[in-house]
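Novice: coordinates only, sequence not included:
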């Protein structure tokens, strides 16, 4: 009886309705590479860059290091984010121009401020699922 009263009170306050209506969130998918777009402001050329995690990628005078890339599962609203470190090498001198998370849905939230180049995150590439192992004949029968 007491449980029923508490549940009724929670429903009146809207707490139970909020708990029931809240969607279950899945784990973010970890990417194997970040898909970036970069623009040279002088020539107005936009390039697509696939930057593997842990391997530096060059774009003009920039050296881009992707440390992590996360993507929401397909059943949730789309969002990709990458942790980047970007360095500029000019006249033998290396200078860090950006370090932090960039979000695909909000590029202006954490943007790189550079007079010549713009870089932003488009997506994360996830590792493809491995093919099922087993007897090929048995797999064909399915």
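Specialist: Thanks, I have the structure now. Model, not experiment: these values are computed from the prediction.
Novice: give me the number of residues near residue 47?
Specialist: When neighbours are counted by other C-beta atoms under 10 Å, residue 47 registers 12. To be clear about C-beta, it is placed using only N, CA and C from the backbone, and glycine gets the same treatment.
Novice: Pairing partners for the closest residue in space to it that isn't next to it in sequence in the sheet, please.
Specialist: Excluding the flanking residues, the one nearest residue 47 by C-beta to C-beta, 6 or more residues apart in numbering is residue 38, at 5.2 Å. Per DSSP bridges, the residues bridged to residue 38 are residue 47, residue 119.
Novice: Let me see the contact set for residue 38.
Specialist: When contacts are counted by C-beta atoms under 8 Å, 6 or more residues apart in numbering, residue 38 is found next to 46, 47, 49, 59, 60, 62, 117, 118, 119, 120.
Novice: and if we set it to 7 Å?
Specialist: 47, 49, 59, 117, 118, 119 (C-beta atoms under 7 Å, 6 or more residues apart in numbering).
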